[in-house]
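Chemist: Let's see this in three dimensions:
(one chain, ligands or ions: 1)
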Amino acid sequence: MLVIMLGPPGSGKGTQASRLASDKDLEHLSTGDILRNAVKEGTDLGLEAKRYMEAGDLVPDDLILGIIKERVQDDGKSFLFDGFPRTIPQAEGLDNMLNEIGSGVDLVLDLEVSDNEVINRLSGRFFCPQCQATYNYPNNLPKKEGICDKCGAGLEKRKDDTEEVVKNRLKVYKDQTQPLQDYYRKKSILKAVNGERPIETIFSDLAGIVDSTK
Ligand code: AP5
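Modeler: Residues are numbered from 1 along each chain as shown. Model prediction:
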């Protein structure tokens, strides 16, 4: 099975994808996490991606498709993509890769969240640089202030969560990623979900949709 999580920055893709992946036995593949790890480790990919990410722009399609190709060729696995695809060429590239292995996208979950909510959430977000868990002040607090519940590492703010960069990320989302809604709607695999409700309620809806698609 192959599921895609779509939605603007801060819509809760990562929060929901990590739970959904473990609950439904899907491999969670977040291009944002892969790129942040590459930046941290100073790899060639990280050095190339850093400037785009810090400005809130998209990393070039060919780099992203290269990352995905390495993983998708391991056929037979079920994936949950979080943050990919983000442009029409990425979606077409993915379809081509999947065609080659006789597979396809089964479901696209589209989290709907307003710009104001995105700005509020991202100004209160903290993340764990070790295990990538995400927290939020005041909606989703860790048990001990500043410490990750899952692995005990110190929590940090993301460099691209400043107000100016978030505004650019929203613009980039509308210009380059939102056209994917039509792309997947035409294939009748897009399911829109209201992302402005409690995390548990959204999770229960998403889990139900995945179950009814299997
Ligand atoms: P990426 O890491 O994918 O960032 P994003 O899409 O902007 O999404 P975020 O991670 O900011 O938010 P999210 O939707 O996962 O929300 P979260 O669960 O954290 O990408 C970063 C950068 O990498 C891009 O800008 C680009 O440069 C590059 N990149 C990545 N993929 C790429 C690609 N395919 N092509 C090109 N470039 C690419 O939640 C946000 C906050 O809200 C958290 O604090 C959370 O606790 C809280 N929260 C979650 N749900 C709720 C809720 N229901 N109610 C209240 N608070 C909530």
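Chemist: Going by C-alpha atoms from here, please, whenever you check contacts or count neighbours.
Modeler: Will do.
Chemist: Nearest residue to Asp44 in space, ignoring adjacent ones along the chain?
Modeler: Ala38 (7.9 Å; Cα to Cα, 6 or more residues apart in numbering).
Chemist: Name the helix or strand for that neighbour, please.
Modeler: Assessed by DSSP states H and E, Ala38 sits inside helix 31-41.
Chemist: before we move on, what about Tyr135?
Modeler: Using DSSP H and E, the element containing Tyr135 is strand 134-136.
Chemist: Identify each buried residue in the helix or strand following that strand, please.
Modeler: Per DSSP H and E, strand 134-136 leads on to helix 163-172 as the next helix or strand towards the C-terminus. Of the residues in helix 163-172, Val165, Val166, Lys167, Arg169, Leu170, Val172 count as buried by neighbour count, 16 or more other Cα atoms under 10 Å.
Chemist: roughly how far apart are the third one and the ligand?
Modeler: Distance of Lys167 to the ligand, given as Cα to the nearest ligand atom, to the nearest Å: 11 Å.
Chemist: Same check on the first one?
Modeler: Distance, Val165 to the ligand, using Cα to the nearest ligand atom: 9 Å.
Chemist: List the residues that contact that residue.
Modeler: Taking Cα atoms under 8 Å, 6 or more residues apart in numbering as the contact definition, Val165 lies against Glu54, Ala55, Gly56.
Chemist: Run through the strands of the protein in chain order.
Modeler: With DSSP state E as the criterion, the chain has strands at 2-6, 27-30, 79-82, 107-112, 125-127, 134-136, 190-194.
Chemist: Let me have these in TSV, adding distance to Ser204, mean pLDDT and mean neighbour count as columns.
Modeler: Below are the strands of the chain laid out as TSV (distance: least, Cα to Cα, whole Å; pLDDT from 0 to 100; neighbours: other Cα atoms under 10 Å):
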stretch	distance to Ser204	mean pLDDT	mean neighbour count
strand 2-6	15	98	23
strand 27-30	18	95	20
strand 79-82	16	97	23
strand 107-112	13	98	21
strand 125-127	23	93	22
strand 134-136	19	91	20
strand 190-194	11	98	17
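Chemist: mind putting these in a markdown table, distance to Glu70 included?
Modeler: Shown next, in a markdown table, are the strands of the chain (distance: least, Cα to Cα, whole Å):
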| stretch | distance to Glu70 |
| --- | --- |
| strand 2-6 | 16 |
| strand 27-30 | 12 |
| strand 79-82 | 13 |
| strand 107-112 | 21 |
| strand 125-127 | 26 |
| strand 134-136 | 26 |
| strand 190-194 | 26 |
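Chemist: Need the ones you listed in a markdown table (columns: distance to the ligand).
Modeler: Shown next, in a markdown table, are these (distance: least, Cα to the nearest ligand atom, whole Å):
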| stretch | distance to the ligand |
| --- | --- |
| strand 2-6 | 8 |
| strand 27-30 | 7 |
| strand 79-82 | 7 |
| strand 107-112 | 8 |
| strand 125-127 | 4 |
| strand 134-136 | 4 |
| strand 190-194 | 9 |
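Chemist: Dihedrals phi and psi, the residue of the chain positioned farthest from its centre?
Modeler: Farthest-out residue of the chain from its mean C-alpha position, per Cα atoms, centre = their mean: Lys144, at 25.9 Å. Dihedral angles of Lys144 (phi, psi; degrees, to the nearest 10) stand at phi -110, psi 130.
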